[in-house]
Structure formats: C-alpha cells, structure tokens
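Q: just a sequence and a predicted model for now, questions to come.
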Amino acid sequence: MGSAPVSKQPIYLADTVQVATKILVAGHFGVGKTTYVGTLSEIDPLRTEEVMTASSIGYDDLVGLPDKKTTTVAMDFGRLTLSPRLVLYLFGAPGQERFRRLWQDLAYGALGALVLADTRNLAESFPVFDRVEEFGLPYGVAVNHFSGGRRFDEAEVRDALDLDQDTPLVTCDARDPQSSTIALIRLVEHLHARAVNQESYR
Amino acid sequence: MSGPDESSLVRSYVITGGRAQPSRTDVDVITLIKATASKELLHRLNREKRNIVELCRGGALMTVAEAAGYLNLSVALTKVLVADLIDAQLITTRTAPSSPAADRTLLEEVLNGLRARL
C-alpha cells in the first residue's frame, strides 16, 4: 500500500463493503461522546481538527481572512462493520451554535442522531437539541450514567427535555459496549418505525 | 508562529488554492474512496493530494473522513482535495452519495448488524 505519512497504521475496510452509512453521536462538552464512540468502534477512533469561527459564520467567509477569530474543534469518529457489505460510522458532534457548518457536513445523509445527555446538567443539552432539530435529524436520547450520578426518573427527564412520547430514552454507560449498543438499537428501531410509518402514508 | 487555529486556516487556504468548497457536490464524509491504477505522475500533485492517493492505493478502501484522520487534515479540506482527485480520475468512489431519506431496508440491515453484536 501507500507510503503516505500517517498518524497511525490505517485499517482499511474489507473490499466487500458496498455501503457506508452514519449516525451522529451528539452532546455537549464532557458528556462522553468520545468515550461512547471509542467503546463501540472496531478501530481506534480517529480524530480530526476542524476549523470553526468563533461567531458561527461559515468556513467560506473565512477564506482569505486569516485574522478573523477562529477556533478548532476536535471531531472523533469510529466505525462498525455490520455485515460484509455494510459499515456504520459514528461521528461525535459538538452541540454549540458555532459548529453549524460541521453539522451541515455530518448531518447530510445521516440516519439520525443519538443525543447523549447528563442528568446532572440537562440544560447543557438544549443547544444540542436545537442543532438536531435544525437539521431535521430524527433522534433518540441516551442518558450517560456516570458512576455516582443518581438514577433518573424517566418522566422527569422527558419533561425537562420536552421529549415526545415516542422519542427513545435510555440509560447507558458510555464505557460499556452492551448498554451502548442497546442505546443505538433503540434509536435505529425508532428510525425504522418512522420509515415504516412514512411508507404507509405514501 | 501564530496560534494553531490561525496557521491551520492559512495552511488550508494554500493547499486548496483558496477554495473552501469542493468542485463537486457528491463528496461526503463517508464516501468510500480508493485510488485508481492511473499511471499519471503523482509528483505533479501537491503533497496533501499525493498522500491521499498513496493512502488509498492497491485497492485499499476507506472513507473521506478516515483519510482525513490518518493524514491529520480537516474533513472540510479533505473533501475539497478528494473532489479534485476524482475529477483527475486518480480516485474513484464506490457508493453513490448517501440519500437524505433513509430507506427501510437499509435500517433493517443496520438493526440486524447491531443486534448481532449483543
């Protein structure tokens, strides 16, 4: 294979892979997105540094204006080969307003989003829901149950986050593959139910 | 040297010749790419493009995002470079760009794959 200077040894996809699809793992800073992606990914998660403006104007507007105030955001992602022909990518997506341009890239063609939330600080998740809804992504919510955090009352959390009754809400431990996989399954079951519903209206 | 943020922006500007948008709209972060067997001399390419082609040679399949991750480039920049390489027929893509409407069969396939991991 090639001789490009790489950050780590590439692990290529099987040549049988025909379809790649993606789900966003969205959440505020420190909620556990990186851990979650790392727990489920079959490869060491990869990280890129994306250039963002502090004021949310597009990357386009920045070109040629190097003195403009900018910031970078680290984006982590991982992958799961689900069948010989299908691979799923999980992209960690930060919720703040200024990362809208990144969201545009990530949300395009995404199946949906799993919003990670922390019951100790639910209000931090509000901007994340704003982004998810802005880009029209169907979503589920997984409360990352940090050790020591108290168990949450589902009705309370639904109410605080203003979730629809049919929006999946589960608890997971982002370090644990089992509960993290179940959170993803609940989301995809929800996406599937929506797709079936939409078909019956056609 | 300026801060890392500013220098990476200037670097992106130089590498893409000042463009922020890819030359084609069908390059997504999860577009599957591999290098073609083209004999075109790679030394004509700038270093970043050459690295992308070398990374994906010999039938090695990966996504645009993975190429960015391995080469320490931003995804936004890599999309621009890959689009140029597709135009130059040095990179081919395997899948059609993902469709915004998720179809039911695909979701069933995803579900089966995830359930099999439990």
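A: Nice, thanks for sending it over.
Q: run through chain A and note the low-pLDDT ranges.
A: A:1-3, A:53-70, A:147-150, A:202 (pLDDT under 70).
Q: which residues touch the longest helix along it?
A: Longest helix in chain A by number of residues, with DSSP state H as the criterion: helix A:177-200. Here helix A:177-200 makes contact (Cβ atoms under 8 Å, 6 or more residues apart in numbering or on different chains) with A:23, A:36, A:39-40, A:111-112, A:114, A:138-140, A:142, A:166-168, A:170-174, B:102-104, B:107-108, B:110-111, B:114-115, B:117-118. For every residue, glycine as well, the C-beta is placed using N, CA and C.
Q: and that helix, how far from the chain's centre?
A: Taking Cα atoms, centre = their mean, to the nearest Å, the mean C-alpha location of helix A:177-200 is offset from the chain mean by 15 Å.
Q: name the residues of it that come out as buried.
A: For helix A:177-200, the neighbour count (16 or more other Cβ atoms under 10 Å in any protein chain shown) marks A:179-192, A:194-195 as buried.
Q: tell me where the longest strand sits in chain A.
A: Longest strand in chain A, counting residues (DSSP state E): strand A:70-83.
Q: tell me what angle the longest helix of chain A forms with strand A:70-83.
A: 80 degrees (axes from the mean of the first three to the mean of the last three Cα atoms, to 10 degrees).
Q: hmm, back to that, which among the contacts of helix A:177-200 end up buried?
A: A:23, A:36, A:39-40, A:111-112, A:114, A:138-140, A:142, A:167-168, A:170-174, B:102, B:107, B:110-111, B:114.
Q: which SSE is the nearest residue to A:P5 once chain neighbours are set aside in?
A: Nearest-residue entry for A:P5: B:N51, 6.7 Å, with adjacent residues in sequence omitted and distances by Cβ to Cβ, 6 or more residues apart in numbering or on different chains. B:N51 belongs to helix B:47-55 when assigned by DSSP states H and E.
Q: ditto for B:K79
A: helix B:75-87.
Q: what are the contacting residues of the helix holding B:N51?
A: A:1-6, A:10, B:15, B:35, B:42-43, B:45, B:62, B:67, B:70-71, B:73, B:77-78, B:81-82, B:84-85, B:90-91.
Q: kind regards, and thank you for your time.
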